[in-house]
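Asker: what's the 3D shape of this:
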Amino acid sequence: MNRMGRAVAALAVFCAFFSLCAVHVRAAEEKINVNQAGQAEFYGLPGMTETLAKAIVEYRAKVGRFDKPADLLKVPGMTQEYLDQISPQIVIVPEDEEVRLPRY
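Answerer: Below you'll find the predicted structure:
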């Protein structure tokens with residue numbers, strides 16, 4: 001590979017690395033509303049398993065809204081330790097303050 005090719009390859013790696021970092025930082029700054037988040041959003045939380053993400057969504061569909069973060073402890077598989085870990089990244093928005101998107 002010539003010099004120009006190596007420079008382009010190095011630039012591509014650099015850009016890819018910092019793009020991933022920017023996405024991770026942005027995601028960490030945004031909180032997810034546990035009463036509206038889907039399985040994919042929950043799975044995006046650090047340490048979240050697909051099984052627990054699915055259990056949260058299924059529990060919410062069956063039982064209804066979460067009123068406080070501690071309500072997540074009723075979900076099978078959720079522990080106090082893990083709830084403490086994700087608490088800074090979740091929010092429970094009162095139903096009257098939620099933004100509703102039209103369904104078509």
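
Asker: which stretches of the protein form helices?
Answerer: Ranges of helices within the chain are 3-29, 39-43, 50-63, 80-86, based on DSSP state H.

Asker: Number of residues surrounding D96?
Answerer: 5 (other Cβ atoms under 10 Å). C-betas here are computed from N, CA, C, even on glycine.

Asker: For it, give its distance to Q89.
Answerer: 23 Å (Cβ to Cβ, to the nearest Å).

Asker: swap in E95?
Answerer: Distance from E95 to Q89, by Cβ to Cβ: 21 Å.

Asker: now do K74
Answerer: Taken as Cβ to Cβ, the span from K74 to Q89 is 19 Å.

Asker: Looking at the two, which has the bigger crowd around it?
Answerer: Using other Cβ under 10 Å as the criterion, K74 and Q89 rank with Q89 on top: 16 against 10.

Asker: G47 is in contact with Q85, isn't it?
Answerer: Yes. Look at G47 against Q85 with Cβ atoms under 8 Å: they come within range, at 6.2 Å.

Asker: Name the residue in these two with the higher neighbour count.
Answerer: Q85 (14 against 9).

Asker: Quick check: Q39 touching V57?
Answerer: Yes. Counting by Cβ under 8 Å, Q39 touches V57, with 4.9 Å between them.

Asker: Compare these two (neighbour count), which wins?
Answerer: Neighbours per residue, other Cβ under 10 Å: of Q39 and V57, the larger number sits with V57, 19 against 16.
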